[in-house]
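Engineer: Provided below for reference: sequence and predicted model.
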Amino acid sequence: MKKKGFKVVLTLVILVGSLWLLQRLLMPKYVTGVVEGALIAEYYPEEKNHDVIFIGDCEVYENFSPQILWEEYGINSFIRGSAQQLIWQSYYLLEDTLRYETPKVVVFNVLSMKYNEPQKEAYNRMTLEGMRWSMSKVNAIKASVTEQEQFLDYVFPILRYHSRWSEIKGDDFRYMFDTKKVSHNGYYMRVDVKPAGTIPDPKPLADYRFGENAYAYLDRMTALCKEKGIQLVLIKAPSLYPHWYDEWEEQMEEYAEENDLLYINFLDLIDEVGLDFQTDTYDGGLHLNLSGAEKLSRYFGTLLTEQTEVSDRRGEEALQRTWAEKRTAYDAEIAYQKEKYQIEK
Amino acid sequence: MLFTSYGFIGFLAVLFLLYYLIPAKYQWMLLLAASYLFYWFANPVYLLYICVTTVSTWFIGRRIEAVRSVQSAYLAEHKQELDKEAKKSYKALMKKKTWHLLLACLFFNLGILAVVKYTNFVISNVNAVIYAIGAGQPLSFVNIIVPLGISFYTFQAMGYIIDVYRGTVKAQDNLFRFALFVSFFPQLVQGPISRYGDLSESLFAEHPRDWSTISLGLQRMLWGYFKKLVIADRMLIGVNTLIQNPDTYYGAYAFLGMLFYALELYADFTGGIDITIGIAQVLGVKVTENFNRPYFSKSIKEYWNRWHMTMGSWFTDYIFYPISVCKPMLKLSKASRKALGETIGKRVPIYLSSFVVWFATGIWHGASWNFIAWGLGNWVVIMISQELEPLYQRFHNRFHVRGSFFFRLFQVIRTVLLMSCLRMFDCYRDVPLTFRMFGSMFTGGNWKELLNGSLLQLGLTLTDYRILFFGLVLLIAVSLIQRTGSVREKIRKLPYWGRFLLWYGLFLCVLLMGAYGVGYDASQFIYNQF
């Protein structure tokens, strides 16, 4: 009887253990190529006493450098951004963040207001998989899944990635249990330059009103921030494309006014920021490169200092040490990319 | 709820757990509740149809039984008073009563099946005639729901009522037990078409927990999932590309599509039946086998004795034999022998009965001329084979190859190719296109294209082809081993870790190589449509 019991336990251990290992192996590692899927998870190992949390899509994680905000304004910030982050995902990421800390300011990029329904599975994965399990993650999944997706595939990602066995590479083994950092406090750095060329003309839309679902989540975000005593700042990053319509701008201005929120459209401040889309973008105007992001961060740092409650924390020794280490990694990344893209120092 | 959906796996897990937790006398009630829940998940409206068939068939079954009881009681009571003639005439009267009851049941339930399944087919044919003769406005199609598995449960219920009429089974007293027989969920969607006499005993019995039976059932399910998810649903990608684009994929591709479809259908249907029988086995219920390695058949006739066996025997027992021995047919037999001579004349009623059976088999599979052509195609091939029998005999008398391996292999390949050709009617959108694509296999002249990398343009990658090859080798290997008995029983004799390795290996194959999840369209079992 004892022997039989041992056999059963051993069988279960082998079953569960091998399936877990397989799952670790098959899940995408996001350490080369498309690294955006690794961004969300990078928040958790951080010391959680940030003053400013950014939430939103690529227009936050590619356009702002927390390193500059710290070094020039003493603002301790983190970007919880991900590719095509939908507004309900931003909301649940905010909820998730508030489980660990309560920042003074939350910055939300409003481009995602244009989406009222779940969009693409690939982007959902890149946002949701990195989240730690909580009710916020459960609700984020429920709100995000497209018709072809199943909740269970998020609980057991092996069910989603089962067919990746035929494309397993060295990185899948190397980063099975540990991964390498791909961002700098959520900032995805690019140092190369691709000047903005011709921007496609905006297509007329059938309806310029933001959807009810998008508004509902913006309302929830506003309410949550108010409840927690957080100042919510709405921004529209200075990306030349996708087009930001005047009708959308009017709705955001109206919303900000009605809810007494600070709203900054950086598209109107390109000259003040000092952005030059011949040198400050790496993809023809969609996103900023390091030069552009640092310029924008400097400008935004001034705004945050003047218009919010954030204070200069450069006097805190522990933070100084942390950010000094981060600077080393930041510089190393710059040097690596300059070599990679063959940019003169 | 697809058999391959997570929901269904969860549903089964809960059911299996509850089934062995509750007192055994309530197990059949739980199965009934589960079966109706399963059907409700598919569409609550379907329940109405299955309830109507269940209640009407049960009621008439009881009425037939009651008539028979009255007859027995009457005859016993008047044993002394009635002479032989009076008894005979009384029996004939009662038989007529039961016959009318049977007819009422058949007309009513087969009528429902005909209306929901074939109304639009009839309308489309009437419209074709209207269009051809320019006779005015075409008729509008009607929006009728075709309940899941209606062909299967209707045939199962009609088999029951015929058996009650024939007196081979006793009518079920309990409506709810009968409802379980009609709706038993594992076989509801694609069969097998069980006989009441075969299924009822184990269906209503109490089943104490038996780990050995449960594990055998789970193993059978796993093998079914392998066939369905690893082979059939992967093959489906290639099949769809080939058959939905006949202008691009003709000639050699039509031949390839024909073979792909043969493999897909086999893996899909037998996989589904493996899952069905496996589920039933876990529940302790014995369901009739539906396949006996059909692709090893040496003739079409043998093939039909080994493929979808429960359907074949249903048509034989409930259509072929009754038609063959009915009065008009006997008259026809007599007349044809007189007119055409003994040799040819005696074949006329058999061929006519076969024609009816194959026409019915065709239209049972689907409301389209494709299926009718497929059914009649089978009839033609079987009749020709039968007529050529003397020729074959002469060949075998001269060349003694009958028992040789290569001749048997030739026969098997010939049968597979013949059946695959006939199945092309399933694939293409209409009968003329099917003939055109069949012809193109001989006139297409594009066989070399199969070697220039175009196979990788069908939606299947090199990895997919490797998996399919592996799956095919495994299918053949298992079939060969099955010749000497159950593979699972053989595996059961292995040491524990050997068994574990084999079954866990198969589980990993399904998990990792299965064509499921995002990127693959969840595919219904092909036979769900019938």
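Structural biologist: Great, that's in hand. Numbering: from 1, shown residues only, chains lettered A, B, ... in the order given.
Engineer: all helices for the stretch 201-345 of chain A, in order.
Structural biologist: Secondary structure of the stretch 201-345 of chain A (DSSP state H, counting those that start in this stretch): helices at A:212-228, A:246-258, A:270-273, A:290-307, A:317-340.
Engineer: List the buried residues of the first one.
Structural biologist: Along helix A:212-228, the positions that meet the burial threshold by neighbour count (16 or more other C-beta atoms under 10 Å in any protein chain shown) are A:213-215, A:217-218, A:220-222, A:224-225. Backbone N, C-alpha and C define where each C-beta goes, glycine included.
Engineer: can you check the last one too?
Structural biologist: Along helix A:317-340, these residues count as buried under the neighbour rule (16+ other C-beta under 10 Å): A:319, A:323, A:326, A:330, A:333-334, A:337.
Engineer: and chain A, which of its residues are near chain B?
Structural biologist: A:7, A:11, A:15, A:22, A:121, A:148-150, A:152-153, A:158-160, A:162-163, A:165-166 (C-beta under 8 Å from any C-beta of the partner chain).
Engineer: Which residue is the nearest non-sequential neighbour of the residue of chain A found nearest chain B?
Structural biologist: Residue of chain A nearest chain B, by C-beta to the nearest C-beta: A:Ser166 (4.4 Å). Leaving aside its chain neighbours, A:Ser166 sits nearest to B:Thr463 (4.4 Å; criterion: C-beta to C-beta, 6 or more residues apart in numbering or on different chains).
Engineer: you'd agree that neighbour is up against A:Arg164?
Structural biologist: No - counting by C-beta atoms under 8 Å, B:Thr463 does not reach A:Arg164; the two are 10.9 Å apart.
Engineer: how close does whichever residue of the stretch 401-530 of chain B sits closest to chain A get to A:Tyr188?
Structural biologist: Distances between the stretch 401-530 of chain B and chain A by C-beta to the nearest C-beta are smallest at B:Thr463, namely 4.4 Å. Going from B:Thr463 to A:Tyr188 by C-beta to C-beta, to the nearest Å gives 32 Å.
Engineer: And those two? Which one has more around it.
Structural biologist: More crowded of B:Thr463 and A:Tyr188, by other C-beta atoms under 10 Å in any protein chain shown: A:Tyr188, with 22 against 14.
Engineer: what does the model give the more buried one for pLDDT?
Structural biologist: A:Tyr188 is assigned a pLDDT of 95 by the prediction.
Engineer: how would you label the residue of chain A closest to chain B: helix, strand or coil?
Structural biologist: helix (DSSP: H, G, I helix; E, B strand; the rest coil).
Engineer: for A:Val107, same thing?
Structural biologist: Once three-state DSSP is applied, A:Val107 turns out strand.
Engineer: Do I have it right that it meets A:Val233?
Structural biologist: Yes - counting by C-beta under 8 Å, A:Val107 does reach A:Val233; the two are 4.8 Å apart.
Engineer: can I assume B:Leu376 is in contact with B:Trp358?
Structural biologist: Yes - if you go by C-beta under 8 Å, B:Leu376 and B:Trp358 touch, sitting 5.9 Å apart.
Engineer: if you count what's nearby, which of these two comes out ahead?
Structural biologist: Set side by side, B:Leu376 and B:Trp358 show more neighbours around B:Trp358, with 24 against 18, by other C-beta under 10 Å.
Engineer: Nearest residue to that one in space, please, no chain neighbours.
Structural biologist: Closest to B:Trp358 by C-beta to C-beta, 6+ apart is B:Trp379, at 3.7 Å.
Engineer: how about the host helix or strand of B:Ile467 as PDB, C-alpha atoms only?
Structural biologist: Following DSSP states H and E, one finds B:Ile467 within helix B:462-482. Extracted in PDB, the C-alpha atoms of helix B:462-482 (Å, rounded to 0.1, in the frame of the first residue of the first chain):
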ATOM      1  CA  LEU B 462       7.000  21.100 -43.200                       C
ATOM      2  CA  THR B 463       6.500  20.400 -39.500                       C
ATOM      3  CA  ASP B 464       2.800  19.700 -40.200                       C
ATOM      4  CA  TYR B 465       3.700  17.200 -42.900                       C
ATOM      5  CA  ARG B 466       6.200  15.500 -40.500                       C
ATOM      6  CA  ILE B 467       3.500  15.300 -37.800                       C
ATOM      7  CA  LEU B 468       1.000  13.900 -40.300                       C
ATOM      8  CA  PHE B 469       3.500  11.300 -41.400                       C
ATOM      9  CA  PHE B 470       4.200  10.400 -37.800                       C
ATOM     10  CA  GLY B 471       0.500  10.200 -37.100                       C
ATOM     11  CA  LEU B 472      -0.100   8.000 -40.200                       C
ATOM     12  CA  VAL B 473       2.700   5.600 -39.200                       C
ATOM     13  CA  LEU B 474       1.200   5.400 -35.700                       C
ATOM     14  CA  LEU B 475      -2.300   4.700 -37.100                       C
ATOM     15  CA  ILE B 476      -1.100   1.900 -39.300                       C
ATOM     16  CA  ALA B 477       1.100   0.400 -36.500                       C
ATOM     17  CA  VAL B 478      -1.800   0.400 -34.100                       C
ATOM     18  CA  SER B 479      -4.100  -1.100 -36.700                       C
ATOM     19  CA  LEU B 480      -1.600  -3.900 -37.400                       C
ATOM     20  CA  ILE B 481      -1.200  -4.600 -33.700                       C
ATOM     21  CA  GLN B 482      -5.000  -4.700 -33.400                       C
END
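Engineer: now could you export just the CA positions of the helix or strand bottoming out on mean pLDDT in chain B as CSV?
Structural biologist: Using mean pLDDT, DSSP states H and E, helix B:342-345 stands out as the lowest-scoring helix or strand of chain B, at a mean of 79. The C-alpha trace of helix B:342-345 is given here as CSV (Å, rounded to 0.1, in the frame of the first residue of the first chain):
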residue,chain,number,x,y,z
GLU,B,342,-34.0,-17.4,-62.9
THR,B,343,-30.4,-16.1,-62.9
ILE,B,344,-31.1,-12.5,-63.6
GLY,B,345,-34.7,-12.4,-62.3
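Engineer: What residues does the residue nearest the centre of chain B make contact with?
Structural biologist: Among the residues of chain B, the one closest to the centroid is B:His308, at 4.5 Å (C-alpha atoms, centre = their mean). With contact set as C-beta atoms under 8 Å, 6 or more residues apart in numbering or on different chains, B:His308 has these partners: B:191, B:269, B:290-291.
Engineer: about what we covered before: can you tell me how far the residue of the stretch 401-530 of chain B closest to chain A sits from B:Ala477?
Structural biologist: From B:Thr463 to B:Ala477 the distance is 21 Å (C-beta to C-beta).
Engineer: sorry, back to before: which of the residues of chain A next to chain B count as buried?
Structural biologist: A:22, A:121, A:149-150, A:153, A:158-160, A:162-163, A:165.
Engineer: Redo those as TSV? Include distance to B:Thr57, secondary structure and pLDDT.
Structural biologist: As requested, those are arranged in TSV below (distance: C-beta to C-beta, whole Å; DSSP: H, G, I helix; E, B strand; the rest coil; pLDDT from 0 to 100):
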residue	distance to B:Thr57	secondary structure	pLDDT
A:Leu22	50	helix	95
A:Glu121	47	helix	91
A:Glu149	42	coil	90
A:Gln150	38	coil	91
A:Asp153	42	helix	93
A:Ile158	46	helix	94
A:Leu159	42	helix	93
A:Arg160	45	helix	92
A:His162	44	helix	92
A:Ser163	46	helix	89
A:Trp165	50	helix	90
